[in-house]
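Participant: prediction below, plus the sequence it came from.
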Amino acid sequence: MAYVDKTTSHLYSVYFAPRGRDRMYALGMQVAQLHLSPFDRIIGVIGEAGSGKSMLIKGMFPGLELTNDDEGVNMRPLPLLAQEEESRFYSPHTYHMDVRFELGFSQMHTLVDATLQAIARGKRVVIEHFDLLQEQLGMNADLILGIGEEVIVTRPNVFGPLPADIARIVHKSVRIRQMAHTAEDLCERHMTPEEYDRCEHDDIKNGFLLVFPDRPPEVDIPALEAAVRKDIAANLPVEYVDDQHVSIGGRIHRCTGPRTHVSETGEIEGFRLLPKPIYDDRKDRWLLVGRVGPKQPDLLGHINNVDLE
């Protein structure tokens, strides 16, 4: 039976960039199952520091040793640059490289030559900050992943898109995601311990969802909004503590996405809460809806609009 390439009609797909390591891992597995081909040689990954690139890659390629990630440098020298020293009994199928990081150690032409050597040998290279390398490489990726407020998955052809175009989108939109995550944590700080312990997280465009199963949240929404606005006006510092906590104004707060924040609460723009909880009858849950960024209509049926114009 002849192989049928299911990727030929795919232009792009868009997913919410979820909060937290486990949810990003799960999205990575989903993206790999739906979009990755065994014939892909170059996987381009684009996004700012803290956007979740490493987590998405780990979800897509379990067991792949990243040469560096948010935890620090994992491997030196870069395996991609040491292909001649590999054992004839073992050679990895997939290499990883962070271009922005490696430019501190190697010239661009060295990284280009090593990438071309790897794909000539039938290997796959997962390249973070691919937009910095593509022009010198002289070819586009087989699959591009852009991580900002959303995760964009696209399979370029001769007509594009170019990685620079994806970079412009995600570098702009990640700011909304950072504001939303910080505002979300500020809301949690002012909730009762009982409500905080039972709330979960979900995604929405230009904002966040605090999810309460079974029954509505016992929250005074106007008072909660006023308290968060006061924190924003105080311009409190926001700092990473560890992979489970963030510090806001010197107060430690449990957080599943501690690297995806603004650096000060005063950077949050346009914060507001919808005036009452929303019941999601499809999943039997109650939603506390927060919005950030430029003022947009908060009509329920239009918040997640897809704008293709």
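Facilitator: Received, thanks.
Participant: what does the average pLDDT come to for stretch 166-184?
Facilitator: If you average the pLDDT over stretch 166-184, you get 94.
Participant: what sits up against it?
Facilitator: The contact list for stretch 166-184 (Cβ atoms under 8 Å, 6 or more residues apart in numbering) reads 17, 19, 46-48, 50-51, 131, 144, 146-150, 152, 154, 201, 206-208, 210, 228, 232, 238, 248, 255, 257, 260-262, 265, 267-269, 271, 290, 292-293. (C-beta placed from N, C-alpha, C; glycine too.)
Participant: again, only this time at 6 Å
Facilitator: For stretch 166-184, contacts defined as Cβ atoms under 6 Å, 6 or more residues apart in numbering pick out 17, 46-48, 51, 131, 144, 146-149, 206-208, 238, 257, 260-262, 268, 271, 290, 292-293.
Participant: can you give me the buried ones in that stretch?
Facilitator: 166-167, 169-171, 173-184 (16 or more other Cβ atoms under 10 Å).
Participant: can you map out the strands along the stretch 151-300 of the chain?
Facilitator: 200-204, 207-213, 238-242, 245-248, 251-254, 272-273, 278-280, 285-291 (DSSP state E, counting those that start in this stretch).
Participant: spell out which strands sit alongside the first one in the sheet and which way each one runs.
Facilitator: When pairing is defined by DSSP bridges, strand 200-204 lines up against strand 207-213 (antiparallel).
Participant: got the angle for the strand it pairs with vs strand 285-291?
Facilitator: 160 degrees (axes from the mean of the first three to the mean of the last three Cα atoms, to 10 degrees).
Participant: list the buried ones in strand 207-213?
Facilitator: Gly207, Phe208, Leu209, Leu210, Val211, Phe212.
Participant: identify the residue nearest the third one in space, chain neighbours excluded?
Facilitator: Computed as Cβ to Cβ, 6 or more residues apart in numbering, the closest residue to Leu209 that is not its neighbour in sequence is Asp202, at 4.1 Å.
Participant: could you do the second one as well?
Facilitator: Distances taken as Cβ to Cβ, 6+ apart put Glu184 closest to Phe208, at 4.3 Å, once the chain neighbours are dropped.
Participant: before we move on, what about the fifth one?
Facilitator: Leaving out its chain neighbours, the residue that sits closest to Val211 by Cβ to Cβ, 6+ apart is Glu200, at 4.2 Å.
Participant: no more questions from me, cheers.
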